[in-house]
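Chemist: what's the 3D shape of this:
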Amino acid sequence: MPPMLSAERRAQLLEILTRDGSIRLDTTAEILGVSAMTVRRDLDDLEREGLVRRVRGGAVAAIVPQGFSARMANRSGAKSEIARKALDLIPHGGAVALDASSTVGALVAQLDTSHELLVATNSYDNLRTAQGRPGVDAILIGGRLELRTDSFVGAVACATAASLHYDRFFTSAAALDPSFGTSEATIDEAQVKRVFADNADETVVLADATKLARHATARAFAWDEVALLVTELDPADERLDPFRDLVELR
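Modeler: Residues are numbered from 1 along each chain as shown. Presented below is the predicted three-dimensional model:
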């Protein structure tokens with residue numbers, strides 16, 4: 001079998017990263033049929049391009065702003081499981097706020113005819129999904145479109161978000177850290193989420209396991225501001241141990 005070209009390895013490394021959320025050096029070298037040193041050099045190149053962040057024994061995805069479709073393509077199975085676990089948290093009436101995350105989008109897609117809701121969101125993609133659900137009256141809060149994340153942010157978005165009261169605010173996060181709390185890749189994104197949360201009775205965070213034990217640029221919430229953390233993991237999973245005394249887990 002001819003040796004794999006650098007471009008082919010790069011494509012496979014990024015595919016593994018998208019699927020698993022991390023790259024383990026020795027395991028990946030075995031999968032690709034190359035030396036650990038070759039994978040290490042490839043990861044160094046990807047880090048210089050801002051696509052990964054090197055960690056002991058491998059790499060994780062770099063936390064950078066991403067468009068909605070790119071985020072939706074990542075970890076779709078985990079998002080579906082999180083949505084299934086969180087569906088009964090959607091009230092049957094009243095109002096909810098939704099952020100611009102693809103994980104929350106997976107939850108919106110599961111709404112059924114038993115819901116009679118006002119839904120406010122800063123995501124056109126999540127707005128369109130909500131508009132397609134029976135019994136849902138969906139509004140876009142507007143503002144300045146952040147092209148890197150496909151979300152609406154800024155002063156107008158915050159003012160509109162603050163004009164309503166929500167029974168619950170459903171949000172994801174770029175990163176979750178036991179000490180730092182939840183955080184986002186941009187300050188503007190964190191700001192809008194804080195306004196939604198300030199006007200909601202409860203904030204529910206939906207996030208897959210690749211977000212755990214990481215932190216991004218802009219802090220959004222301390223753990224005492226979050227009512228519930230929903231992941232695709234069993235709540236007894238040891239990866240959730242650092243969060244166990246900080247927030248209710250599902």
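Chemist: use CA for all of it now, contacts and neighbours both
Modeler: Fine.
Chemist: return the set of buried residues in the lengthiest helix in the chain.
Modeler: Assignment by DSSP state H gives helix 6-20 as the longest helix of the chain. By 16 or more other Cα atoms under 10 Å, the buried positions in helix 6-20 come out as 9-10, 13-14, 17-18, 20.
Chemist: alpha carbons of that helix, in PDB - could you do that?
Modeler: Presented in PDB, the C-alpha positions along helix 6-20 are these (Å, rounded to 0.1, in the frame of the first residue of the first chain):
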ATOM      1  CA  SER A   6       0.300  14.700   3.900                       C
ATOM      2  CA  ALA A   7      -2.900  16.200   2.600                       C
ATOM      3  CA  GLU A   8      -4.700  12.900   3.000                       C
ATOM      4  CA  ARG A   9      -3.500  12.500   6.600                       C
ATOM      5  CA  ARG A  10      -4.600  16.100   7.300                       C
ATOM      6  CA  ALA A  11      -8.100  15.300   6.000                       C
ATOM      7  CA  GLN A  12      -8.300  12.200   8.100                       C
ATOM      8  CA  LEU A  13      -7.000  13.900  11.200                       C
ATOM      9  CA  LEU A  14      -9.700  16.600  10.900                       C
ATOM     10  CA  GLU A  15     -12.300  14.000  10.300                       C
ATOM     11  CA  ILE A  16     -11.300  12.200  13.500                       C
ATOM     12  CA  LEU A  17     -11.300  15.500  15.300                       C
ATOM     13  CA  THR A  18     -14.800  16.200  14.100                       C
ATOM     14  CA  ARG A  19     -16.100  12.800  15.000                       C
ATOM     15  CA  ASP A  20     -14.400  12.300  18.400                       C
END
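Chemist: wait, which of the buried residues of helix 6-20 is closest to Leu147?
Modeler: Among the buried residues of helix 6-20, Thr18 lies closest to Leu147 (Cα to Cα), at 21.5 Å.
Chemist: now for that closest one: which residues touch it?
Modeler: Applying Cα atoms under 8 Å, 6 or more residues apart in numbering to Thr18 gives the contacts 74-75.
Chemist: next: the one 10 residues further on.
Modeler: Taking Cα under 8 Å, 6+ apart as the contact definition, Thr28 lies against 13, 39.
Chemist: got a pLDDT number for it?
Modeler: Per-residue pLDDT puts Thr28 at 87.
Chemist: can you check Thr113 too?
Modeler: We have a pLDDT of 66 for Thr113.
Chemist: what's the answer for Glu238, then?
Modeler: At Glu238, the pLDDT value in this model is 96.
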